[in-house]
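S.K.: Return atomic coordinates for the entry below.
(2 chains, ligands or ions: 2)
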Amino acid sequence: MTELTGTQTAPAPSSSMRIDSIPLVLFAAFAAAPLLASASGAEGYVLSLLTRIMIFGLAAMSLDLILGYGALVSFGHAAFLGIGAYAVGILASHGIEDALIQIPAALGASALFALVTGAISLRTKGVYFIMITLAFAQMLFFLATSLAPYGGDDGLTLPNRSLIAGAGLLENDYAFYAATLLCLIGAYLLSRAIVTSRFGRVLRGTKENAVRMEAVGFQPFRFQLAAYVISGMMAGLAGWLMANQAEFISPAFMTWQRSGELIFMVVLGGLGSLHGAIIGAAAFLLLEEFLPEILHAASFLLNDDIRSRLTENWQMVFGPLLILIVLFARGGIMGLLRRPHHG
Amino acid sequence: MAEPLLELRSLRKNYGALVVTDHVSLSVRPGELHAIIGPNGAGKTTLIHQVSGMLPSNAGQILFAGEDITHLSMPQRVKRGLARSFQITSILPGFSAMENVALAVQARSGSSFRFFGNASQEKGLNGTAMDCLSEVGLGARAHIPAGLLSHGEKRQLELAIGLATKPKLLLLDEPLAGTGHDESQRVVETLRRLKSRLTIVLIEHDMDAVFSLADRVSVLVYGRVIATDTPERVRENPEVRAAYLGDEEMV
Ligand SMILES: Nc1ncnc2c1ncn2[C@@H]1O[C@H](COP(=O)(O)OP(=O)(O)OP(=O)(O)O)[C@@H](O)[C@H]1O
Ligand SMILES: [Mg+2]
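M.R.: Numbers count the residues shown, from 1 in each chain, chains lettered A, B, ... in the order given. Ligands and ions are numbered 1, 2, ... in the order given. Just a heads-up that it's a prediction; the model follows:
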């Protein structure tokens, strides 16, 4: 693990203005986007796509906290999306629709799940850790499919979005967008503080060389477990948002494919920079959304039959494309942005 | 005679049929520099692993300052004042030399479950870290990423990290291995200075260094201690000379 991750370290706190300006630009763009959305004529679509990007950005960033800074490859992170979503669905179907109760419940349930599964998973290393986090997420997935009162396989449609102190503020898409952006920025600032703090330094040190950390007196397990719990809670919040955006919950929120996508987003954006994960999520979802059109436009030389097949089977291009990006842009998108500076 | 700071009682370690530590009993007195020498593969590093808590022992007891620490974890032993360096350099290559040391200071000063405040700016931690770096002669290199230091400087950094844990006993596994002449001279001088403040167990193949620094020397051969004595008497010991076949290494 040390050889694998030791070379590409999280940037030192002294990284350049250029890098530090990226999150500013990113959040400013998210803040300005609704204005453009209303001018675009398709504001419902644009808003919902951007909201989705921010929610996945939050989930991917929470994963980056343990993957990029702790080298903990959790292959079950979608479980927390499911927990957050089911907190909305289960409570709502019992008449508890207020976010002031739902969110603490979502965070508490995520923390508990992370604490129990983390305490077991973190006893293992490397591939075993990957497999055991996957196994726990699958357990939760099958549990959800068997929850007949809450829709089982089919899921559950929510009557409306969560209330805030009894008021239906989030029904407005702009308000929901703002709430999502607020969650994202809050989680970003918290994560940024964590990685530079004493705690974060121990986590980063453990990623580089766990034996050395023990030899100066740290017990890496305790720090990794705490990071896992924090990360799980953030992903749980993303799950709460996700259910509210869709006004629907189902076991599909926590498939292993979803967990894989989250890893992909983090790697695509660049490990260990936090905002890179958000950019990775954006790149992933935008490609997924627009690749069919791009393919259609780019293949104008081919005959119509091949052209339509290519567009229909865009996923066959999507997978290899992602792999190429990751292979050739080492360090992900953030790596590309950083490279010119390092000469 | 004062109570020993470290006492090994009939310590054993085996890998299957291969006995690597064979009923080792040893006591290290407070304040002394106790060297452990022996041919390659004698089991010196294994012994340090056992004492530091990196490897469990199959039998025997380890007492530190009168307390049985045989079953404590490595971090628990560090907290009691037992620090070590590694034969194969073990540092955090992506962190600056300063941060490598500051982390060791952080481990013993206050809680590390602090989620706010920039740790790399903490004056208290950095000040102490800088003292430790200056002690080993790396003060000027504090802000270089540890992975970019020369091999010799990395060895010095290991020493500084060990010091930063404020140990009562420092276990050093070949601190001179692979260092150039000048660097090795500097480390020897550093050890000579530290000797007056710390108890040190030194594993070293460089016999000049061993005989100029050590108060007592133990000789380990095939996992057994065949002699423990003053440097002069060990040098004259026929069994020891026989173990070092050609004798030339013993000067
Ligand atoms: N994990 C292991 N499994 C089996 N044998 C091992 C293991 N680790 C060490 N050994 C063996 O134990 C013996 C002692 O090794 P050790 O590294 O302690 O020697 P050393 O005295 O430090 O040697 P050197 O002077 O070369 O550093 C060697 O014969 C080695 O091959
Ligand atoms: Mg050795």
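S.K.: Surely residue A:200 is in contact with residue A:190?
M.R.: No - with contact defined as CB atoms under 8 Å, residue A:200 and residue A:190 do not form a contacting pair (11.1 Å). The way it works is simple: take the backbone N, C-alpha and C, and place the C-beta from them, glycine included.
S.K.: More neighbours: those two, which one.
M.R.: Comparing residue A:200 with residue A:190 by neighbour count (other CB atoms under 10 Å in any protein chain shown), the higher total belongs to residue A:200, at 26 against 15.
S.K.: Can you give the distance of the helix or strand the more buried one falls within from its chain's centre?
M.R.: Here residue A:200 is covered by helix A:198-208, with elements defined by DSSP states H and E. Centre-to-centre, helix A:198-208 and its host chain are 21 Å apart (CA atoms, centre = their mean, to the nearest Å).
S.K.: Name the residues that touch it?
M.R.: Taking CB atoms under 8 Å, 6 or more residues apart in numbering or on different chains as the criterion, the residues outside helix A:198-208 that touch it are A:2, A:5-6, A:9-10, A:69-71, A:194-195, A:212-213, A:218, A:220, A:223-224, A:226-227, B:92-95, B:99, B:103, B:106, B:111-115, B:117, B:119-120, B:122.
S.K.: Selection in ChimeraX covering whichever of those residues are buried, please.
M.R.: A single ChimeraX command suffices to select whichever of the contacts of helix A:198-208 are buried according to 16 or more other CB atoms under 10 Å in any protein chain shown:
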select /A:2,5,6,9,10,69,70,71,194,195,212,213,218,220,223,224,226,227 /B:92,93,94,95,99,103,106,112,114,115,119,120,122
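S.K.: quick one, strands of the chain?
M.R.: Using chain A. Using DSSP state E, the strands assigned to chain A run over residues A:156-157, A:248-249.
S.K.: Chain B is the one I meant
M.R.: Listed in chain order, the strands of chain B (DSSP E) span residues B:6-15, B:18-28, B:33-37, B:59-64, B:67-68, B:82-84, B:169-173, B:199-203, B:216-221, B:224-229.
S.K.: Among the ones you listed, which comes closest to residue A:28?
M.R.: Using CB to CB as the measure, strand B:82-84 is the one of those that comes nearest residue A:28, at 48.4 Å.
S.K.: quick revisit: the strands of chain A into a markdown table, with extra columns for mean neighbour count, mean pLDDT and distance to ligand 2?
M.R.: As requested, these are arranged in a markdown table below (neighbours: other CB atoms under 10 Å in any protein chain shown; pLDDT from 0 to 100; distance: least, CB to the ion, whole Å):
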| stretch | mean neighbour count | mean pLDDT | distance to ligand 2 |
| --- | --- | --- | --- |
| strand A:156-157 | 16 | 94 | 62 |
| strand A:248-249 | 24 | 96 | 58 |
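S.K.: who wins for proximity to ligand 1 among those strands?
M.R.: If you check each of the strands of chain A against ligand 1 by CB to the nearest ligand atom, strand A:248-249 wins as the nearest, at 50.6 Å.
S.K.: Which other helices and strands does that closest one contact?
M.R.: Applying 3 or more CB pairs under 8 Å, 6 or more residues apart in numbering or on different chains; DSSP states H and E, we find strand A:248-249 packed against helix A:78-93, strand A:156-157.
S.K.: deepest of the ones you listed, which one?
M.R.: Mean neighbour counts were taken over the helices and strands packed on strand A:248-249 using mean count of other CB atoms under 10 Å in any protein chain shown, and the top value, a mean of 27, falls to helix A:78-93.
S.K.: Pull out the CA atoms of that helix and give them to me as CSV.
M.R.: Included here for helix A:78-93 are C-alpha records, laid out as CSV according to Å, rounded to 0.1, in the frame of the first residue of the first chain:
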residue,chain,number,x,y,z
ALA,A,78,-23.1,3.9,-1.8
ALA,A,79,-24.5,2.2,1.3
PHE,A,80,-24.4,5.5,3.0
LEU,A,81,-26.3,7.1,0.1
GLY,A,82,-28.9,4.4,0.7
ILE,A,83,-29.0,5.0,4.5
GLY,A,84,-29.5,8.7,4.0
ALA,A,85,-32.2,8.1,1.4
TYR,A,86,-34.0,5.5,3.5
ALA,A,87,-33.9,7.8,6.5
VAL,A,88,-36.1,10.2,4.4
GLY,A,89,-38.4,7.4,3.0
ILE,A,90,-38.9,5.5,6.2
LEU,A,91,-39.5,8.5,8.4
ALA,A,92,-41.7,10.2,5.8
SER,A,93,-43.9,7.1,5.6
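S.K.: Near ligand 2, which residues of chain B are found?
M.R.: Selection of chain B residues close to ligand 2 by CB under 5 Å from the ion yields B:45, B:87.
S.K.: residue furthest from the geometric center of chain B?
M.R.: Of all residues in chain B, residue B:116 has its C-alpha farthest from the mean position, at 34.0 Å, by CA atoms, centre = their mean.
S.K.: from memory that one sits against residue A:191, does it?
M.R.: No - in this structure residue B:116 lies outside contact range of residue A:191 using CB under 8 Å: 11.8 Å.
S.K.: and the residue farthest from the centre of chain B, how far is that from residue A:273?
M.R.: Separation of residue B:116 from residue A:273 (CB to CB, to the nearest Å): 20 Å.
S.K.: Likewise for residue A:251?
M.R.: The gap separating residue A:251 from residue A:273 is 32 Å, by CB to CB.
S.K.: Pick out whichever of those two has more residues nearby.
M.R.: Higher neighbour count among residue A:251 and residue A:273: residue A:273, with 30 against 23, using other CB under 10 Å.
S.K.: right, and residue A:268 touches residue A:322 too?
M.R.: Yes - in this structure, residue A:268 sits in contact with residue A:322. The criterion is CB under 8 Å, and the distance is 6.7 Å.
S.K.: List every C-alpha atom in stretch B:75-95, with coordinates, as CSV.
M.R.: Taking Å, rounded to 0.1, in the frame of the first residue of the first chain, the C-alpha atoms of stretch B:75-95 are listed here in CSV:
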residue,chain,number,x,y,z
PRO,B,75,2.4,2.8,20.5
GLN,B,76,1.9,1.8,24.1
ARG,B,77,5.6,1.2,24.5
VAL,B,78,6.4,4.5,22.8
LYS,B,79,4.2,6.2,25.3
ARG,B,80,6.3,4.7,28.1
GLY,B,81,9.5,6.0,26.6
LEU,B,82,10.8,3.4,24.3
ALA,B,83,11.7,4.7,20.8
ARG,B,84,13.4,3.0,17.9
SER,B,85,14.9,3.7,14.5
PHE,B,86,14.7,1.3,11.6
GLN,B,87,17.5,-0.4,9.7
ILE,B,88,15.6,0.1,6.5
THR,B,89,14.8,3.8,6.6
SER,B,90,11.2,4.4,7.6
ILE,B,91,10.0,8.0,7.2
LEU,B,92,7.1,9.8,5.6
PRO,B,93,8.6,10.7,2.2
GLY,B,94,5.9,13.2,1.2
PHE,B,95,6.1,15.2,4.4
